[in-house]
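1. okay, sequence plus prediction incoming.
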Amino acid sequence: MGRIIRIIILSALLAALLSVGGCRVRRGAQAPAPSGSCTQLYYEVAVDSSKTDWLEAVPLFHCWVDIEPGHHLFGDPSGEQVERWKALCEERNPADSVLRSELQGAYLNMNQYMTVHDFIELWYHEDSYSTDDSLTLWRLMQYDAYFSQNIYSDDSEYDRFSQLRDIIGSLCLFEAGTQWEMNFKAGLECDFQEFYDRMLLKEAAGHAGADVAHALLLEDESWKRYHAALDSAFRVIDGDPNGFSGSAWPMAISGIARDDAENRAVSLEDYYFALTDSLDYGPAGNHRMSRIGEYVIEKHAPVGEDAVIGEYARFIGFLSDKDFYDPGFSFPLDVRRKALSEERDAWKEWMSSRKRVSSLLSGLCKETYDNSTNNVRRRKLIMLKNRYQGFGLTSGDIMECILPYSCDDSAIGGFSFERNWKEL
């Protein structure tokens, strides 16, 4: 349900964005790629900004690169798939021009601009392709192929997923000038993180034995139920029942969902790299060297499940019609507490499913998996202690009151958002 609501919200924002005046993207027949200058115009921004006509309408087009077999990160698509996907992008995103001020002022080049807008058009409609991971992989490779298709290798799964993260991170490095664009950017970042998580789960299940693979798939179903329950709880706890949550509300929704999806990656990465790369670590260093750089295992003091459940109880008790929450702009107290209680139950189910996976593991794989579960609990405990604050456009006062994930373990136990807020 959270996914559907998010798509509807972003679809409405997209329609509004494209209808604002004539200075945005023009829709119509896509301009053909200029002969002989495709890659130069598409991949480079080589203009003296002091002499640029910022009101110039720059023709837009797609410039596809033929990627050699074996240079895709996760297997080569068929020729028929590639041609179908090219046509789909050109049909969904038939932009023919944009002001140079928007293109050059916010994006590295036309390649980044067209890729971002391809994903917006592919993902945020009722007939969404947001879960077509093969299409997403191919489009990301098209974005990155001109620059670095020759560096991909099978050195390790850590290297492979590092490259995938780098491509996504590079694509999302654009300037969002308006609130509409900031909402879209937050949605893209969240959905790319969820895509990354799906790829991790798929590869982990594909490399594991049959019993473990089955348990991992069941664990993933539990994770999805918990993730959806968190989304529902946040909309009730922090939302306005009158529908006036503000124009930046989608940023907050996407922000907490992305944060939680990053926690999902934490729950899988170390186990998967141990399984496939024989990733090892010891008390002296807790790291290994990969082709890309140093891989550091995150280790913390033990965080028991009782600590997380206890913090859920304190959070439920914190919810009130006084102080921080304005009863005129909040859901009824019993509705908020019920939503958070349902999320807690979904969390407990997810943690139980991880115990079942752990019972099937041994050696290094079990060690890394259990350590990741502890890291997940730690992050969740901090999120709960922060009372789900700090997502989207947030005041400096709130940011001063919350605890970062990078804090020392010793800072967690005595931390109180309520106390910090009252003192401030």
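-> That came in fine, so what should we check first?

2. residue boundaries of the helices in the stretch 201-350 of the chain?
-> Under the criterion DSSP state H, counting those that start in this stretch, the stretch 201-350 of the chain contains helices at 210-237, 249-277, 305-318, 333-359.

3. need the winner for burial among these.
-> Most buried of these, by mean neighbour count (mean count of other C-beta atoms under 10 Å): helix 249-277, with a mean of 22. C-betas here are computed from N, CA, C, even on glycine.

4. I'd like the helices of the stretch 201-350 of the chain as TSV, with distance to residue 204 and mean pLDDT appended.
-> Compiled in TSV, those are given as follows (distance: least, C-beta to C-beta, whole Å; pLDDT from 0 to 100):
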stretch	distance to residue 204	mean pLDDT
helix 210-237	6	97
helix 249-277	5	95
helix 305-318	23	96
helix 333-359	10	97
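
5. can you check which of the ones you listed gets nearest to residue 404?
-> helix 249-277 (11.7 Å; C-beta to C-beta).

6. that closest one - contacts with which helices or strands?
-> Helix 249-277 is packed against helix 2-18, helix 157-171, helix 179-207, helix 210-237, helix 363-385, with contacts defined by 3 or more C-beta pairs under 8 Å, 6 or more residues apart in numbering; DSSP states H and E.

7. pLDDT weak spots in the stretch 1-150 of the chain?
-> 1-39, 45-51, 146-150 (pLDDT under 70).

8. tell me who's in contact with residue 188.
-> Counting by C-beta atoms under 8 Å, 6 or more residues apart in numbering, residue 188 touches 116, 119, 120, 123, 172.

9. filter these down to the buried ones, PyMOL style.
-> Buried residues within the contacts of residue 188, by 16 or more other C-beta atoms under 10 Å, are selected in PyMOL with:
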select buried, resi 116+119+120+123
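
10. show me which pair in the contacts of residue 188 is furthest apart.
-> 123 and 172 (13.5 Å).

11. just give the closest residue to residue 373, not the sequence neighbours.
-> Spatial nearest neighbour of residue 373, chain neighbours left out: residue 354 (5.3 Å); criterion: C-beta to C-beta, 6 or more residues apart in numbering.

12. confirm for me that that neighbour is in contact with residue 268.
-> No: using C-beta atoms under 8 Å as the test, residue 354 is too far from residue 268 to be in contact (10.4 Å).

13. and residue 269, what is it in contact with?
-> Contacts of residue 269 (C-beta under 8 Å, 6+ apart): 161, 200, 372.

14. which one of the helices of the stretch 201-350 of the chain lies closest to residue 424?
-> helix 305-318 (16.2 Å).

15. what's in contact with that closest one?
-> 337, 340-341, 343-344, 347-348, 351, 377, 380-381, 384-385, 387, 418.

16. of these, which pair is most distant in space?
-> Most distant of those, by C-beta to C-beta, are 351 and 418, 25.6 Å apart.

17. can you classify residue 97 as helix, strand or coil?
-> Per DSSP: H, G, I helix; E, B strand; the rest coil, the local secondary structure of residue 97 is strand.

18. surely residue 361 is in contact with residue 212?
-> Yes: Residue 361 lies in contact with residue 212 (C-beta under 8 Å); the separation is 6.8 Å.

19. so who does residue 413 touch?
-> Counting by C-beta under 8 Å, 6+ apart, there are no residues that residue 413 touches.

20. do residue 161 as well
-> For residue 161, the residues meeting the contact criterion (C-beta under 8 Å, 6+ apart) are 196, 199, 200, 269.

21. of these, which pair is most distant in space?
-> The widest separation within the contacts of residue 161 (C-beta to C-beta) is 11.1 Å, between 199 and 269.

22. is it true that residue 391 touches residue 260?
-> No: Residue 391 lies out of contact with residue 260 (C-beta under 8 Å); the separation is 10.2 Å.

23. shouldn't residue 127 be within a helix?
-> No: looking at residue 127 with three-state DSSP, it is coil, so not inside a helix.

24. any idea how many residues pack against it?
-> As a burial measure, residue 127 scores 6 neighbours (other C-beta atoms under 10 Å).
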